[in-house]
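Participant: I'll drop the sequence and a predicted model, then ask my questions.
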Amino acid sequence: MGLWVLEAEPILPSVNEKLKGVCWVGSRQPLQGGELAALRNIGANAISQTPFGWQADKNKPEIRWSLDAERQWWGESARGIRATADSSINLGISNMLKPHLWARGSWPGEIKMNSEEDWVLWFENYKSFIVDYAKLAAELDFPILCIGTELEKTVHRRTDWLEIISSIREVYKGKLIYAANFTEFEHVTFWDELDYIGIQAYFPIGEGQEPDLNQLKKGWKNPLASIEKLVRNYQLPVIFTEIGYCNTADAAAEPWVWPNERKESPLSEEVQARCYQAFFETAWKKPWLAGVYFWKWYPEGKRRDPDFSPQGLKAQEILEVNFLTVD
């Protein structure tokens, strides 16, 4: 008579100290001093810095970029990234370099080539772009490099991405992550070659306007179950490379919608704060969540309404309480 052997469930990865981060907005002009100390005072220990490459057409392979162009915003240039890193590291704030592609009239998730020839060219161009920034990350000793953000229609091409990852690892020895959109993370074909699973966590967690905290917490149930399934499969910790909510009544329904498309939505810093609280009472407690970066944080303070920034609002109070008291 044979014996039934039950396979043990994989042990989920866990982390000891979480990254408590924000997506740092590169400023037009050099920092005046004190901006990063103010961030450290709310308990943050990490920032992501975002330089840009530019793609004029989402269906054409040309990409242009410059590490230090004259007309580039200071905070997005190599010199600004370097100065910001120097100031932040002195305060115990770690840096992730997270280059983005700006697709004119679209967004990175729509970048898709129409022929195999163009796909080859696009990946050649993208490899040159990201390796340039990998060299900068190596020079500045950044612990984490994000190799791509929301490139949803490219991630099925595993062989091309493996070549990019190999080229990056030749010049950069830190940890690698890819920032997958919340609609994309289950379809990425190369998680096994990275050090973290990265998710742009703009999951819808509530319907309509003015959802209460219990509704928002329930809204995390299905996304967390899907993420945990992926974690068990790949045995990798997760970082929310972005998460954020506008200060509007409908912020939880479609968190990804840009502020300029919310002009008709009533302002509500209460809903924004509830969304933050729901995150900290659910996702933040998961042992496999290695960190979070909240979109977004202006060096000079919050600048408009509506906006994603929690600065000066009730959401900042929620952020501060949790960053200062939760390990």
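Facilitator: Noted; the coordinates are in hand. Residues are numbered from 1 along each chain as shown.

Participant: Could you pull out the buried residues of stretch 110-128?
Facilitator: Of the residues in stretch 110-128, 111, 113, 119, 121, 122, 123, 125, 126, 127 count as buried by neighbour count, 16 or more other Cβ atoms under 10 Å. C-betas here are computed from N, CA, C, even on glycine.

Participant: these two touch, right, the second one and residue 61?
Facilitator: It refers to residue 113. Yes: the pair residue 113 and residue 61 passes the contact test of Cβ atoms under 8 Å, sitting 6.2 Å apart.

Participant: what is in contact with those two at once?
Facilitator: Here residue 113 and residue 61 have 119, 121, 122 as joint contacts, going by Cβ atoms under 8 Å, 6 or more residues apart in numbering.

Participant: what's the closest of those to residue 79?
Facilitator: Distance ranking of the shared contacts of residue 113 and residue 61 against residue 79, using Cβ to Cβ, places residue 122 first at 28.5 Å.

Participant: okay, now residue 272: neighbour count?
Facilitator: Other residues near residue 272 come to 28 when the count uses other Cβ atoms under 10 Å.

Participant: show me the contacts for it.
Facilitator: 245, 246, 247, 248, 251, 310, 313, 314, 315.

Participant: pLDDT at it, what is it?
Facilitator: For residue 272, the pLDDT comes out at 98.

Participant: What of residue 260?
Facilitator: With respect to pLDDT, residue 260 has a value of 89.

Participant: Also residue 14?
Facilitator: Per-residue pLDDT puts residue 14 at 62.

Participant: One more: residue 204?
Facilitator: The predicted structure lists residue 204 with a pLDDT of 98.

Participant: Return the distance of it relative to residue 285.
Facilitator: Using Cβ to Cβ, to the nearest Å, residue 204 is found at 20 Å from residue 285.

Participant: May I ask which helix or strand encompasses residue 148?
Facilitator: strand 144-149 (DSSP states H and E).

Participant: residues making contact with that strand?
Facilitator: Looking at what lies outside strand 144-149 - Cβ under 8 Å, 6+ apart - the contacts are 48, 94-101, 108, 126, 130, 133-134, 137, 154, 164-165, 168, 172, 174-179, 194-196, 198, 200, 239, 241.

Participant: so how far is it from its chain's centroid?
Facilitator: 9 Å (Cα atoms, centre = their mean, to the nearest Å).

Participant: Contacts made by the longest strand that the chain contains with the rest, please.
Facilitator: Ranked by residue count under DSSP state E, the longest strand found in the chain is strand 289-297. With Cβ under 8 Å, 6+ apart as the contact definition, strand 289-297 has outside contacts at 15, 18-25, 39, 46-48, 96, 196, 201, 237-244, 279, 283-284, 308-311, 319.

Participant: now with 7 Å?
Facilitator: 15, 18-25, 39, 46, 48, 196, 237-244, 283, 308-311, 319 (Cβ atoms under 7 Å, 6 or more residues apart in numbering).

Participant: relative orientation of it and strand 144-149 in degrees?
Facilitator: The directions of strand 289-297 and strand 144-149 differ by 70 degrees, with axes from the mean of the first three to the mean of the last three Cα atoms, to 10 degrees as the criterion.

Participant: May I have strand 289-297 exported as CSV, CA atoms only?
Facilitator: This file holds the C-alpha atoms of strand 289-297, laid out as CSV (Å, rounded to 0.1, in the frame of the first residue of the first chain):
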residue,chain,number,x,y,z
LEU,A,289,6.0,43.3,1.5
ALA,A,290,9.6,44.7,1.6
GLY,A,291,8.6,48.3,1.2
VAL,A,292,6.4,51.0,-0.4
TYR,A,293,6.9,54.2,-2.3
PHE,A,294,4.1,56.7,-2.1
TRP,A,295,3.3,58.8,-5.2
LYS,A,296,4.3,61.5,-4.8
TRP,A,297,6.4,64.0,-2.7
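
Participant: In its sheet, which strands sit next to it, and in what direction?
Facilitator: strand 19-24 (parallel), strand 238-243 (parallel) (DSSP bridges).

Participant: I'd like the next helix or strand past the first one.
Facilitator: Per DSSP H and E, strand 19-24 leads on to helix 35-40 as the next helix or strand towards the C-terminus.

Participant: rewinding a little: out of the buried residues of stretch 110-128, which is nearest to residue 32?
Facilitator: Closest approach to residue 32 among the buried residues of stretch 110-128 (Cβ to Cβ): residue 126, at 35.0 Å.

Participant: Nothing else from me, thank you.
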